[in-house]
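Engineer: what would the 3D arrangement of this be:
(chains A and B)
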Amino acid sequence: AQTVTQSQPEMSVQEAETVTLSCTYDTSENNYYLFWYKQPPSRQMILVIRQEAYKQQNATENRFSVNFQKAAKSFSLKISDSQLGDTAMYFCAFIPPNFGNEKLTFGTGTRLTIIP
Amino acid sequence: DAGITQSPRHKVTETGTPVTLRCHQTENHRYMYWYRQDPGHGLRLIHYSYGVKDTDKGEVSDGYSVSRSKTEDFLLTLESATSSQTSVYFCAISEFSFSNQPQHFGDGTRLSIL
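Structural biologist: Here you go, the predicted model:
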């Protein structure tokens, strides 16, 4: 079974600083998909970024980027120039190869607070 | 934003009563999903649907049933609610099931079983 671990239940950072959220996962597969979702206080789940394991290049979406270390099974999210609107729960998620979204496995989340 | 509406947004009910949550989509997507979110567990899949009248179980399906009689509606039913089913429930949709086609989520239903 695949597991996703987020070891930081809560984090806080000053506005405009950079913050990194950690995620590790456990799988014996070679190809898979990894995601970071954001859940603001409004509760809506929003896809932030995704990474395909066969791609070595780290995914980037504006101020959000990942550090994907396949051998270490690590998938951290870096938020640059943090903004108050980044305050949210962040979930790391994983889908194994040859499966669809019904196998999407979430971590337990990291609550991020951006301090003005 | 994807057109997903969950109803009700909040509900409080008593143990032993039946409860039905509704997910309605306007995107004509084939796949629909029901998750529950609990502290310390992230989101966990309850049931999903891959077409009208086609459904399958997820990780935590015990105590829940679903129905999909129309493409746009996916119902989640708790036949006899228990306190352990107090949770926030999310519906999600996707056009395809492929791993690289992400789901879009509704705003959630907060359900309290007293």
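
Engineer: drop to CA atoms for contacts and neighbour counts, all remaining ones
Structural biologist: Fine.

Engineer: for chain A, which residues are neighbours of chain B?
Structural biologist: A:33, A:42-47, A:52, A:91, A:95, A:97, A:99-102, A:105-109 (CA under 8 Å from any CA of the partner chain).

Engineer: in strands only, show me those residues.
Structural biologist: A:33, A:46-47, A:52, A:91, A:95, A:105-106 (DSSP state E).

Engineer: neighbours of the residue of chain A found nearest chain B, just the number please.
Structural biologist: Minimum separation of chain A from chain B (CA to the nearest CA) falls at A:Thr108, amounting to 4.2 Å. Neighbour count of A:Thr108, defined by other CA atoms under 10 Å in any protein chain shown: 24.

Engineer: and B:Ser65, what is it in contact with?
Structural biologist: The contact partners of B:Ser65, taken as CA atoms under 8 Å, 6 or more residues apart in numbering or on different chains, are B:47, B:76-79.

Engineer: and which of these is nearest to chain A?
Structural biologist: Closest to chain A, out of all of the contacts of B:Ser65 and judged by CA to the nearest CA, is B:His47, at 8.6 Å.

Engineer: need the three-state assignment for A:Gly85.
Structural biologist: Three-state assignment for A:Gly85 (DSSP: H, G, I helix; E, B strand; the rest coil): helix.

Engineer: same check on B:Leu21?
Structural biologist: The local conformation at B:Leu21, judged by three-state DSSP, is strand.
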